[in-house]
Each structure stands twice: as structure tokens, then as C-alpha cells.
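Novice: I'll drop the sequence and a predicted model, then ask my questions.
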Amino acid sequence: MTLDLSDWEQSVTLRPWAADDYDAIRELQLRCFPRMKTWSRDHFDSMRAQFPEGQLCLVHDDRIVASASSLIIELSEYGELHNWTEVADGGFIRNHDPEGDTLYGIEIMVDPEYRGRRFARRLYEERKSLCRTRNLARMCVGGRIPGYAQHIEEMTAEEYVEKVGNKELIDPVLTAQIANGFVLRSLHRDYLPSDEDSAGYATSLEWTNVDHLAGERRYQRRIIEPVRVASVQFQLRRIHSFDDFARQVEFFVDVAADAKADFVVFPELFTLALLSLVDQNQPGQGARSLAQFTEQYLDLFGDLAVKYNVNIIGGSQFVYEEHRLTNVAFLFRRDGSIEKQTKIHPTPNERRWWGVQGGQSLDVFDTDRGKIAILICYDCEFPELARVAAHRGAMLLFVPYNTQDRPGHVRVRTCAQARAIENDVYVITAGCVGNLPMVDNADIHYAQSSILTPSDVGFARDGVAAEAPPNVETVLVQELDLQQLRRHRRAGAVRPYTDRRLDLYGVWHKGGEEPV
């Protein structure tokens with residue numbers, strides 16, 4: 001059997017409204033706000049004509065499942081107690097002011113079937129990005145409080161909002177807005193009288209753009225944002241079901257997502273915990289039994305990447321196809337697409353105990369935060385591969401690894417640091433800790449995961465941006481500046497990537513299109 005990753009892929013796309021989206025947007029409004037009036041076709045066309053960038057929808061597998069609408073205003077022109085009809089021009093937004101200072105959100109909605117997948121966060125993040133590129137001072141929203149209808153006999157709207165802010169109550173809208181960085185400014189009566197669930201009330205909330213530069217031209221500032229990465233140092237333990245494993249994995253993905261990581265990487269073969277669920281008479285059979293979980297593994301990680309809006313390097317997992325057992329790392333993008341990188345250099349023990357065979361090429365993957373490559377454990381100890389990856393544009397190298405003792409860990413750690421220095425890249429390692437009694441070649445583990453940089457002025461001391469304590473289950477989170485790498489390649493104290501003598505030597509990757 002050949003593994004066809006398209007069977008597990010999803011498609012998640014964030015884009016502006018198109019002319020033929022009206023019926024889908026209207027149906028979404030009916031599902032989200034069944035007691036409220038929907039946009040008319042004239043509203044829809046006017047919003048697209050006035051400010052197409054501000055009318056966004058999120059499409060999952062060809063279905064519009066979330067939407068957000070906004071316009072730009074000069075905030076000082078509107079009174080403190082303005083209402084929705086005034087600020088939204090009744091839904092036509094003909095008052096959109098391209099020279100204004102504030103992005104004002106007039107609607108956001110997520111299909112009830114898709115709530116809990118952080119789709120609203122994607123829309124809010126896109127709005128924040130729009131504020132940064134247009135150099136707007138802030139984003140404001142008039143937020144519904146639809147949960148208030150259930151408590152209207154018990155408390156005032158002011159008391160309800162205060163309890164939501166203190167985490168005593170959860171409101172479907174206000175709780176999400178606070179989680180997305182908005183600050184409550186005031187409460188408006190009769191903001192949207194037709195909103196019966198909120199009794200006409202709305203909160204006035206504001207997010208401040210800390211990148212705003214007063215007096216600068218407001219259109220199309222280029223903002224280079226750092227990349228945030230998370231590394232999971234995962235403890236192997238006996239489990240009783242695949243669901244046990246899935247709960248542990250989702251916990252760490254949730255932690256990374258709460259930290260707003262762009263990437264999270266798990267260790268090599270951390271799926272060995274699943275051997276607790278199978279009978280293994282000898283190691284080779286056990287490895288092939290582990291490969292039987294590959295489809296469930298792909299389902300799990302594909303869903304988590306979309307649900308938590310984070311790119312996941314899912315450690316690695318055994319794959320058995322065409323009578324070949326390979327050790328494969330999968331990249332699960334948050335847009336639902338999936339890629340794979342096969343380990344090129346199985347260790348002698350992998351070959352002897354399990355019969356693992358090596359892959360045939362190194363790939364560099366495009367992501368929404370730049371190009372990356374994956375070097376699985378032993379592959380990191382071959383400098384040619386990192387050189388090939390850097391030549392093809394990768395600036396982040398992810399190294400999931402699995403070692404049984406400190407000497408093995410030191411080999412990976414030392415080589416990972418060398419790869420960062422040689423190629424002016426960041427290297428993120430993630431290793432396994434813990435024990436699996438009675439599992440041959442995987443019974444003990446040692447790791448000290450790290451996030452490594454070049455060694456020069458401007459980078460972290462000793463070239464270590466973050467490092468976990470040894471043999472403790474934990475998560476590392478770190479922001480990395482890709483622009484700093486580019487500057488260092490041009491003007492570092494030493495420039496081992498830039499100063500290569502290509503007239504004397506080179507690296508040829510047969511799996512590629514050209515010599516490096």
C-alpha cells in the first residue's frame with residue numbers, strides 16, 4: 001500500500017469576499033444569528049466596493065465557515081456613545097475613510113458546527129495584520145453579549161460583563177474577544193436594538209497596535225514579524241488506548257497555540273508509546289505493528305493543526321509501504337495541507353533492530369512563515385544536508401530526535417549547534433524522555449531539547465535561545481528574528497555560509513535539481 005497524503009489533507013483558506021459569495025454569507029448569518037436580519041445584496045455589494053480588504057471569509061474544504069467585516073474610521077469623529085447603525089452606515093459602510101486611524105469591526109461570525117477550532121482567532125489576527133500594514137493606531141469593535149439573555153432576570157448588563165471579565169461566566173462573544181487581546185472600554189445601551197440576545201447592549205472594546213508610528217504615512221507599512229516556535233520535550237509512558245496518546249498530544253498543541261506559536265515540533269518516534277497497545281514478539285514485528293497506527297496519527301495531527309491554528313512537525317512515525325519500513329516526519333500545516341520527510345540516514349540500531357530503510361531526498365517546505373526543513377535525529381550529523389536545505393532557502397531547521405543516553409544526545413546537540421553556525425539558520429530540537437520497559441531499542445531515553453542560533457553579537461549567549469532541563473517533560477517557546485539571520489549573512493563577524501569557496505568545493509544532492 002502507498003500512503004496518499006491527500007486522503008488526510010484539508011483545505012483552510014482565508015480570503016476576501018468574492019462577488020459570488022453572497023448566498024453563502026447570508027446562509028452563514030442565518031446559522032449564526034437566526035433571530036437577526038441578514039445582509040441584503042445591496043449591503044454585500046457596497047461593503048465589497050468600499051473596502052474589499054476588510055470583508056474576509058474563511059473557507060474550509062470549499063465551504064465558507066467564518067466571516068468578518070470591518071471599515072476604517074477616524075475615531076474622534078464618533079461620539080463615545082455611538083451605535084452600530086451610525087458607525088456602520090446601516091451596513092453599507094459608505095463612511096469608510098482610507099485616511100482614518102482606526103479599524104472598526106462591525107461583524108464576525110463562525111458557523112456553530114465549526115466553533116472551538118479557533119477560526120475567530122484567524123480572522124482577528126488578519127485584522128491585526130491589516131492594522132499593522134496600514135499603520136492604524138487601533139482596532140475597535142462593538143461586541144455583542146449574547147449570553148446575557150440567559151441571565152437578564154438575575155443581573156444587570158454591567159454586572160454580567162464584569163463577571164465575564166472576571167472569568168466567572170463565559171460569553172460566546174465577549175470571552176473570545178478578551179482572549180484575542182481586546183480591552184473593555186465601556187458598555188453601550190441600545191447599540192443594536194434588534195439584538196434580542198444581548199438586550200440591545202454591546203461592549204466597546206479596543207486592541208492597540210503597538211507597532212503604530214504616529215505621523216507616518218498610513219498605507220502599506222511593511223512589518224516583519226518574528227517567528228514563534230515551540231519544542232515539546234515529550235515523556236514516553238505506557239498508555240491504555242490511542243485516545244490516551246491523543247489527549248497527551250492535544251495538551252501540548254493547546255499549550256503551543258495559547259503561546260501563539262507558529263510552529264510546534266514533537267520528538268522523533270515519540271509514537272513508540274503506542275507499542276504499549278500491541279503484542280510484540282520481536283522488535284521488527286513491533287515496529288511494523290506501530291506503523292498500523294499511521295492513519296490514526298495522520299487524522300489526529302491533521303485535525304489539531306487546523307483546530308489550533310499552528311503548523312505542527314509531528315515528530316516522526318514508522319511508515320510501512322511497498323514492503324519498506326521507513327521513519328517519516330510529517331509537516332501538518334495550519335491550512336490543512338500535509339508534507340513528509342523521510343529519515344535519510346537510519347542509525348545502525350534502527351537497521352539492526354527494526355529493519356528501517358533510508359529515504360532518497362531532502363525536501364524544503366514552504367510555510368506561511370517562510371521555508372523550513374526537517375532533519376530527523378541522525379540526519380543532523382551529516383552537514384551536507386543542512387547545507388542543501390540552507391541553499392534552498394530554509395532558515396528554520398527542525399530536528400526531532402530520540403536518544404537513549406547522554407552521549408547520544410550530545411552528538412545530536414553538538415551537531416545541531418554546528419549546523420546553526422555553519423549555515424546562519426535557527427535549529428530547533430525536540431527529544432523524548434522517560435522509559436518504556438520491555439521495548440527493545442526504545443526502553444530508555446535522554447533529552448535536553450533546545451532552540452539554537454548562530455554565535456555572534458546580537459544572538460543569544462552561547463548561541464542558545466532556549467534550553468530545557470534534561471529529562472523533564474516540558475515545552476520551550478521562543479521568538480526568532482529571521483531578519484537578523486539575513487543581516488548576519490551580510491555583516492556578521494564571520495560568515496561561514498556567505499564565505500564558502502564554491503570555486504574549490506561544493507555539495508551535490510542527487511535528489512535535487514542542481515548542485516549546491
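Specialist: Perfect, I can see it now.

Novice: Against which helices or strands is the lowest-mean-pLDDT helix or strand in the chain packed?
Specialist: When the helices and strands of the chain are scored by mean pLDDT, DSSP states H and E, helix 283-291 comes last with a mean of 82. Using 3 or more CB pairs under 8 Å, 6 or more residues apart in numbering; DSSP states H and E, the elements in contact with helix 283-291 are strand 317-321, strand 324-332. Placement of C-beta: from N, CA and C, glycine included.

Novice: highest average neighbour count across the ones you listed?
Specialist: With neighbours taken as mean count of other CB atoms under 10 Å, the helices and strands packed on helix 283-291 reach their highest mean count in strand 324-332, at a mean of 23.

Novice: roughly how far out does that one sit from the chain middle?
Specialist: 21 Å (CA atoms, centre = their mean, to the nearest Å).

Novice: what's the answer for stretch 317-326, then?
Specialist: 28 Å.

Novice: before we move on, back to that, and the least confident helix or strand of the chain, which residues are buried?
Specialist: Neighbour-count burial for helix 283-291 flags 283-284, 286-291 (criterion: 16 or more other CB atoms under 10 Å).

Novice: same thing with stretch 370-381?
Specialist: 372-381.

Novice: That stretch spans what distance, first to last residue?
Specialist: In terms of CA to CA, to the nearest Å, the two terminal residues of stretch 370-381 are separated by 24 Å.

Novice: For it, the averaged confidence score.
Specialist: For stretch 370-381, mean pLDDT rounds to 97.

Novice: what's the answer for stretch 476-491, then?
Specialist: On average, stretch 476-491 scores 94.

Novice: Could you export that stretch as CSV, keeping only the C-alpha atoms?
Specialist: Extracted C-alpha coordinates of stretch 476-491, given in CSV (Å, rounded to 0.1, in the frame of the first residue of the first chain):
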residue,chain,number,x,y,z
LEU,A,476,10.1,25.6,25.1
VAL,A,477,8.7,28.7,23.4
GLN,A,478,10.9,31.3,21.7
GLU,A,479,10.6,34.1,19.2
LEU,A,480,13.1,34.1,16.4
ASP,A,481,14.0,37.0,14.1
LEU,A,482,14.6,35.9,10.5
GLN,A,483,15.7,39.4,9.5
GLN,A,484,18.6,39.0,12.0
LEU,A,485,19.8,36.0,10.1
ARG,A,486,19.8,37.9,6.8
ARG,A,487,21.7,40.8,8.3
HIS,A,488,24.2,38.4,9.8
ARG,A,489,24.9,36.7,6.5
ARG,A,490,25.8,40.1,5.1
ALA,A,491,27.6,41.7,8.1
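
Novice: Name the residues that touch that stretch?
Specialist: Taking contacts as CB atoms under 8 Å, 6 or more residues apart in numbering, the residues outside stretch 476-491 that touch it are 224, 226-231, 233, 256, 259, 261, 370, 395-396, 424-426, 449-451, 453-454, 456, 458-459, 465-468, 495, 497-498.

Novice: now swap in stretch 112-126 and tell me
Specialist: For stretch 112-126, using CB under 8 Å, 6+ apart, the contacting residues are 14, 31-32, 56, 58, 60, 65-68, 108, 110, 176, 179-181, 257, 306-309.

Novice: just to revisit the earlier point, let me have the helices and strands packed on helix 283-291 in a markdown table, adding distance to L476 as columns.
Specialist: Below are the helices and strands packed on helix 283-291 laid out as a markdown table (distance: least, CB to CB, whole Å):
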| stretch | distance to L476 |
| --- | --- |
| strand 317-321 | 22 |
| strand 324-332 | 18 |
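
Novice: And those: which comes nearest H345?
Specialist: Counting by CB to CB, H345 lies closest to strand 324-332 out of those; the figure is 9.9 Å.

Novice: Now do the strands in the stretch 51-200 of the chain.
Specialist: Along the stretch 51-200 of the chain, counting by DSSP state E, counting those that start in this stretch, strands occupy 56-60, 63-73, 102-110, 138-143, 183-188.

Novice: Now intersect the contacts of stretch 476-491 with the strands, please.
Specialist: Here DSSP state E is the test, and the contacts of stretch 476-491 give 227-231, 233, 370, 396, 426, 450-451, 465-467 as lying in strands.

Novice: Which of these has the largest number of neighbours?
Specialist: Highest neighbour count within these, by other CB atoms under 10 Å: S231, with 31 neighbours.

Novice: want to try TSV for the strands of the stretch 51-200 of the chain, with mean neighbour count, distance to P400 and mean pLDDT as columns?
Specialist: Formatted as TSV, the strands of the stretch 51-200 of the chain follow (neighbours: other CB atoms under 10 Å; distance: least, CB to CB, whole Å; pLDDT from 0 to 100):
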stretch	mean neighbour count	distance to P400	mean pLDDT
strand 56-60	21	28	98
strand 63-73	23	32	97
strand 102-110	23	33	95
strand 138-143	22	37	92
strand 183-188	15	39	89
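
Novice: Find the residue closest to the residue nearest in space to the middle of the chain in space, skipping its chain neighbours.
Specialist: Nearest to the mean C-alpha position of the chain, by CA atoms, centre = their mean, lies V310 at 1.8 Å. In space, not counting the residues next to it along the chain, V310 is nearest to A257; the distance is 5.1 Å by CB to CB, 6 or more residues apart in numbering.

Novice: residues in contact with the one you found?
Specialist: 118, 308-310.

Novice: Can you tell me which of the buried residues of stretch 370-381 comes closest to D405?
Specialist: Of these, the one sitting nearest to D405 (CB to CB) turns out to be C377, at 13.8 Å.

Novice: got JSON lines for the strands of the stretch 51-200 of the chain, with distance to V164 too?
Specialist: Converted to JSON lines, the strands of the stretch 51-200 of the chain look like this (distance: least, CB to CB, whole Å):
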{"stretch": "strand 56-60", "distance to V164": "25"}
{"stretch": "strand 63-73", "distance to V164": "21"}
{"stretch": "strand 102-110", "distance to V164": "17"}
{"stretch": "strand 138-143", "distance to V164": "10"}
{"stretch": "strand 183-188", "distance to V164": "9"}
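
Novice: my guess is I372 contacts L396, does it?
Specialist: Yes: proximity of I372 to L396 meets the contact threshold set by CB atoms under 8 Å, at 4.5 Å.

Novice: Overlap of the contact sets of those two?
Specialist: With CB under 8 Å, 6+ apart, I372 and L396 have common neighbours F263.

Novice: What ranges does this structure have for its helices?
Specialist: Assigned by DSSP state H, the helices in the chain fall at 22-32, 41-50, 84-87, 119-133, 157-165, 174-179, 242-258, 283-291, 294-308, 348-349, 383-391, 406-423, 482-491.

Novice: among those, which is nearest R144?
Specialist: helix 174-179 (8.0 Å).

Novice: Pull out the buried positions in that closest one.
Specialist: For helix 174-179, by 16+ other CB under 10 Å, it's 174-178.

Novice: what packs against it?
Specialist: helix 119-133, strand 138-143, helix 157-165, strand 202-208.

Novice: how about the strands of the stretch 51-200 of the chain, which one is nearest K340?
Specialist: strand 56-60 (22.6 Å).

Novice: For the closest one, enumerate its sheet partners and note whether each is parallel or antiparallel.
Specialist: strand 12-16 (antiparallel), strand 63-73 (antiparallel) (DSSP bridges).

Novice: Okay, and the beta partners of F365?
Specialist: I372.

Novice: Share the number of residues neighbouring it, please.
Specialist: 22.

Novice: In contact with it, which residues?
Specialist: 331, 339, 341, 371-374.
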